[in-house]
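Participant: the sequence and its predicted three-dimensional model are supplied below.
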Amino acid sequence: MARGCVAVIDTTFARVNMGDIALPVLEKRLPGYEIRRITVPGIKDLPGAAKRMLDSGCDAAITLGWVGMREADKLSYLAMSIGLIMVEILTGKILLDVTVHEDEAPGDPERLREITVDRVVKHAENLALMLRRGPDALVKYAGKGLRQGYEHAGELK
Amino acid sequence: MARGCVAVIDTTFARVNMGDIALPVLEKRLPGYEIRRITVPGIKDLPGAAKRMLDSGCDAAITLGWVGMREADKLSYLAMSIGLIMVEILTGKILLDVTVHEDEAPGDPERLREITVDRVVKHAENLALMLRRGPDALVKYAGKGLRQGYEHAGELK
Amino acid sequence: MARGCVAVIDTTFARVNMGDIALPVLEKRLPGYEIRRITVPGIKDLPGAAKRMLDSGCDAAITLGWVGMREADKLSYLAMSIGLIMVEILTGKILLDVTVHEDEAPGDPERLREITVDRVVKHAENLALMLRRGPDALVKYAGKGLRQGYEHAGELK
Amino acid sequence: MARGCVAVIDTTFARVNMGDIALPVLEKRLPGYEIRRITVPGIKDLPGAAKRMLDSGCDAAITLGWVGMREADKLSYLAMSIGLIMVEILTGKILLDVTVHEDEAPGDPERLREITVDRVVKHAENLALMLRRGPDALVKYAGKGLRQGYEHAGELK
Amino acid sequence: MARGCVAVIDTTFARVNMGDIALPVLEKRLPGYEIRRITVPGIKDLPGAAKRMLDSGCDAAITLGWVGMREADKLSYLAMSIGLIMVEILTGKILLDVTVHEDEAPGDPERLREITVDRVVKHAENLALMLRRGPDALVKYAGKGLRQGYEHAGELK
């Protein structure tokens, strides 16, 4: 029997296969866990899918979203964020939300891919750490200005 | 007895009969399913209508919205999106949200109609696929940069 | 005994007596229904009032709001819209939301009054139609580009 | 025993003692009522405090908020407004929300104080009226263009 | 046995160790209380974490967030704020939300650190005061224009 279950949910809208990046990290860092992967069309479908996966027995979820450059995409990002937070509040389970915004590197697909890989890997590691070591696992990094997708900003002295 | 029930909900505000586009796709792709169609005035009426249809026995719903160009329309889009996500969270059922924004092709009604048809058809197919094959049906398209209403953006290499 | 009950809720902030416009339409179109009218100060008071009226036995409600021109008014409109949608989701009843924005006809009170009258009348008729004939009463108008307060935009061919 | 209980909740952020303005109005207009006053740091603390006061037995509440001029303050105003509406929906009780925005009279503290006093007094009177006379007490003012903090805008003819 | 429990939740995104600032203030002002500290990646993780801490027995929580300068950060701030307010509404417990925005002192890390320290200390003291003396502890500061991170704005005369 698995020690636990983590859901990985990404989208067909994304231009990078974000689930494929998260999967090996979670498998390595969470031995004995079952990793269930599903894919939905776009970011507004993530909260409902996460709720269904958590209700069906998963202990935690990581959602992997990709946000376009139009104003409507920004509003969708806001709606998604509120929805994901409501899912976390209603289920009492950890739901880590990873989002890449296309305007983080306009016209530079290579850089956008780099940002995506780094962000997904680091947040998959964050999730694994919180699941294995408990809610105070990240206390030692508090205020360190950690960044995912960029160099760490560091602590202000 | 029907194998399942899908609700199709569109608006009188839309300038394209979006329900008429979704209906034949769903009937073809979901043989044996009952398709229930209703129409509401505008996008802010979609979440409540979807909740009622899902509560009355439908297994899934697709909402078809049309967003005007005024600032108030954008705010209504945001409220609608939050509402639809809450319905999906509260019911545990799939609610696929298809929206066309008038400012996607200002002054070009032909193009706007094209976008609408393509988006509705593709999302109706998405919904059918998820219902027939289960939540991991779309995993093979993860990160492919799929677009509805436009050419696929493709995967970043 | 009444065949049903509809709540009409408007505001003291509005510059047109919107309830007085909705009332005769509902009385004419919904013979045998009890129409209960209340008034609240402003748009942010509408969702709570609608919830109380629906909880106290009304089958449906129509809210009549008036939005000022300041940025704060737009944010209040958004909060109101989210609230009204939540009421509709939580009660499972029809709540039709009619809103006039002062910036629809800045400096032209006569036009603003015209927009208001037309919008309230048409939406009161929409509500009556949905209550008498059921949720598919508006299917024949789907995608017709219907507008309230303006000329119909029409269907794109 | 008191005939009822009303909660008055203001903030330490405000630059006018708004609770002190509301209190005598409520005491005069609601003889026999218990008025419970509390103060919280800022506007985002108002919904939670209102919920606790209503849950602990109050029949209604009036919240008195003060919004700063930064973009973050506007977003906080939106979050607060959504929260207050949710409290009203969840409790079924009247929660009247009075807010002053610093940008209503930038650089003119005297005018800002005037706006505040007028707005708080008028809304405290609104609340008292609705509590004593019931939900249709304000119908006679429907569409009159009433303003709090400014001269009444009046009805459009 | 502890007299009560307070949760302190900060982030790895912050560039100042905000939890380390809050902790000694709470320990000094709330003798006999258990202080439980956890850290999450970013501000959107705060509401879910606060809900879990309050559900697991804490009487109150203080969340310490740091908001970046991008548009997406502002939207995340809004989603976080709505989420924290919902947690407070749903649990009936005090959740004090402390947020620093990077654009409060762009390019001036020393000033940003000062703002952070002052804001965290003052709000930790606010929380302690409300817990020890009850909900009316802050009434004497109502309308005083108190600021955290800046000089008090003062009362308008």
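Facilitator: It's in. Residues are numbered from 1 along each chain as shown, chains lettered A, B, ... in the order given.
Participant: drop to CA atoms for contacts and neighbour counts, all remaining ones
Facilitator: Fine.
Participant: in chain A, which helix is the longest?
Facilitator: helix A:109-133 (DSSP state H).
Participant: so is that one next to chain B?
Facilitator: Yes. Contact of helix A:109-133 with chain B (CA under 8 Å from any CA of the partner chain) involves A:109, A:110, A:113.
Participant: now for the first one, how many residues are close by?
Facilitator: What it means is residue A:109. For residue A:109, the neighbour count with other CA atoms under 10 Å in any protein chain shown is 16.
Participant: which residue does chain A bring closest to chain B?
Facilitator: Closest residue of chain A to chain B, CA to the nearest CA: residue A:17 (3.9 Å).
Participant: that residue: how many residues sit nearby?
Facilitator: 25.
Participant: check contacts around it.
Facilitator: If a contact means CA atoms under 8 Å, 6 or more residues apart in numbering or on different chains, then residue A:17 has A:10, B:142, B:143, B:144, B:155 as its contacts.
Participant: now with 7 Å?
Facilitator: B:142, B:143 (CA atoms under 7 Å, 6 or more residues apart in numbering or on different chains).
Participant: the residue nearest the centre of chain A in helix, strand or coil?
Facilitator: In chain A, the residue lying closest to the centroid (CA atoms, centre = their mean) is residue A:98, at 3.1 Å. Per DSSP: H, G, I helix; E, B strand; the rest coil, the secondary structure class of residue A:98 is strand.
Participant: so how many other residues sit close to the closest residue to it other than its chain neighbours?
Facilitator: Distance criterion CA to CA, 6 or more residues apart in numbering or on different chains; nearest residue to residue A:98, sequence neighbours excluded, is residue A:64 at 4.9 Å. Applying other CA under 10 Å, we find 27 residues neighbouring residue A:64.
Participant: could you say which helix or strand holds residue A:64?
Facilitator: Using DSSP states H and E, residue A:64 sits within strand A:60-67.
Participant: restricting to C-alpha, output that strand in CSV.
Facilitator: What follows is strand A:60-67, C-alpha atoms only, in CSV (Å, rounded to 0.1, in the frame of the first residue of the first chain):
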residue,chain,number,x,y,z
ALA,A,60,-1.9,16.8,-1.4
ALA,A,61,-1.9,18.3,-4.9
ILE,A,62,0.4,20.4,-7.0
THR,A,63,-1.3,22.4,-9.8
LEU,A,64,0.8,23.6,-12.8
GLY,A,65,-0.7,26.6,-14.6
TRP,A,66,0.3,28.7,-17.6
VAL,A,67,-1.1,32.3,-18.0
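Participant: got the contact list for it?
Facilitator: Contacts for strand A:60-67 (CA under 7 Å, 6+ apart): A:5-11, A:13-14, A:18, A:43, A:46, A:50, A:54, A:73, A:77, A:93-102.
Participant: ok, it: who's next to it in the sheet?
Facilitator: Strand A:60-67 pairs in its sheet with strand A:4-11 (parallel), strand A:94-101 (parallel), by DSSP bridges.
Participant: so can I have a markdown table of the ones you listed showing mean pLDDT and distance to residue E:81?
Facilitator: Below are these laid out as a markdown table (pLDDT from 0 to 100; distance: least, CA to CA, whole Å):
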| stretch | mean pLDDT | distance to residue E:81 |
| --- | --- | --- |
| strand A:4-11 | 97 | 25 |
| strand A:94-101 | 98 | 16 |
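Participant: next, format these as CSV and append distance to residue A:38.
Facilitator: Formatted as CSV, the strands paired with strand A:60-67 follow (distance: least, CA to CA, whole Å):
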stretch, distance to residue A:38
strand A:4-11, 5
strand A:94-101, 15
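Participant: mean neighbour count, those: which tops it?
Facilitator: Counting by mean count of other CA atoms under 10 Å in any protein chain shown, strand A:4-11 has the highest mean neighbour count of these, with a mean of 25.
Participant: the inter-axis angle of that one versus helix A:109-133?
Facilitator: Angle of strand A:4-11 versus helix A:109-133, following axes from the mean of the first three to the mean of the last three CA atoms, to 10 degrees, is 160 degrees.
Participant: now the helix or strand that strand A:4-11 is followed by against strand A:4-11, angle please.
Facilitator: Using DSSP H and E, the helix or strand that follows strand A:4-11 in sequence is helix A:18-29. Counting by the same axes, to 10 degrees, helix A:18-29 lies at 160 degrees to strand A:4-11.
Participant: which other residues reach helix A:18-29?
Facilitator: So helix A:18-29 is contacted by A:8, A:9, A:10, A:64, A:117, A:120, A:121, A:124, A:125, A:128, B:143 (CA under 7 Å, 6+ apart).
Participant: and those as TSV, adding distance to residue A:34?
Facilitator: Below are these laid out as TSV (distance: CA to CA, whole Å):
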residue	distance to residue A:34
A:8	11
A:9	14
A:10	17
A:64	18
A:117	22
A:120	19
A:121	18
A:124	14
A:125	16
A:128	12
B:143	22
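Participant: closest to chain D among those residues?
Facilitator: Using CA to the nearest CA, residue A:64 comes nearest to chain D of the contacts of helix A:18-29, at 25.2 Å.
Participant: and chain A, which residues reach chain E?
Facilitator: Contact residues, chain A versus chain E (CA under 7 Å from any CA of the partner chain): A:78, A:81-82, A:85-86, A:88-89, A:92, A:135-136, A:138-139, A:141-147, A:154-156.
Participant: filter those to the buried ones?
Facilitator: Neighbour counting with 16 or more other CA atoms under 10 Å in any protein chain shown marks A:78, A:81-82, A:85-86, A:88-89, A:92, A:135, A:138-139, A:141-147, A:154-155 as buried within the residues of chain A next to chain E.
Participant: now, the residues you listed that are in helices?
Facilitator: Using DSSP H, these in helices are A:78, A:81, A:82, A:85, A:86, A:88, A:89.
Participant: does the first one touch residue E:75 like I think?
Facilitator: Right, the one you point to is residue A:78. Yes. The pair residue A:78 / residue E:75 is scored as a contact, 5.9 Å apart, by CA atoms under 7 Å.
Participant: OK, contacts around the residue in chain A positioned nearest to chain D?
Facilitator: Taking CA to the nearest CA, chain D has its nearest neighbour within chain A at residue A:82, 11.0 Å off. Neighbouring residues of residue A:82 by CA under 7 Å, 6+ apart: E:79, E:83.
Participant: by proximity to chain E, which residue of chain A wins?
Facilitator: The minimum distance from chain A to chain E, using CA to the nearest CA, falls at residue A:143 (3.9 Å).
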